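Novice: mind looking at a prediction? Sequence and model below.
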Amino acid sequence: MADRYMIPRRLDDPELIGFWTIDEFAGMIVPFAWGILAQHILIGIALAMGAWFALRKAKAGRTSSWLLHAAYWYLPAGFTGLVATPPSHCRRLAG
């Protein structure tokens, strides 16, 4: 008789949409949607695969939230939507 309970083998695996993590999928959907809207589907698919490959290489060996941390440091303050953090240009804080 089969086991009654399923025990996950790896607890730290990220959530997946199909074969991709959520951030890889979001990076792929933008060029693909552009390709559909501009009626250049093959170019959109090629750009989506290129974006997936670039994100995969950028994240290699890093945590999944690495892109959010880079966005905090290099993009304008309102982009990440973090409210309880100081601006990234403030290097010294009182205290």
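Specialist: Yep, it's here.
Novice: going forward, measure contacts between C-alpha atoms and count neighbours the same way
Specialist: OK.
Novice: residue nearest the centroid of this protein?
Specialist: Centroid-nearest residue in the chain, with CA atoms, centre = their mean: residue 23, separated by 2.2 Å.
Novice: got the buried residues for the helix or strand containing it?
Specialist: Assignment of secondary structure by DSSP states H and E places residue 23 within helix 22-37. For helix 22-37, a neighbour-count test (16 or more other CA atoms under 10 Å) marks 23, 24, 25, 27, 28, 29, 31, 32, 33, 34, 35 as buried.
Novice: I figured residue 27 hits residue 48, correct?
Specialist: Yes: the criterion here is CA atoms under 8 Å, and residue 27 meets it with residue 48 at 7.4 Å.
Novice: for the record, mean pLDDT for the longest helix along the chain?
Specialist: Taking DSSP state H as the criterion, the chain has its longest helix at helix 41-58. The pLDDT scores in helix 41-58 average 91.
Novice: again, but for stretch 65-76
Specialist: For stretch 65-76, the per-residue pLDDT averages 78.
Novice: and that stretch, how far from the chain's centre?
Specialist: Centre-to-centre, stretch 65-76 and its host chain are 11 Å apart (CA atoms, centre = their mean, to the nearest Å).
Novice: cool, thanks, talk later.
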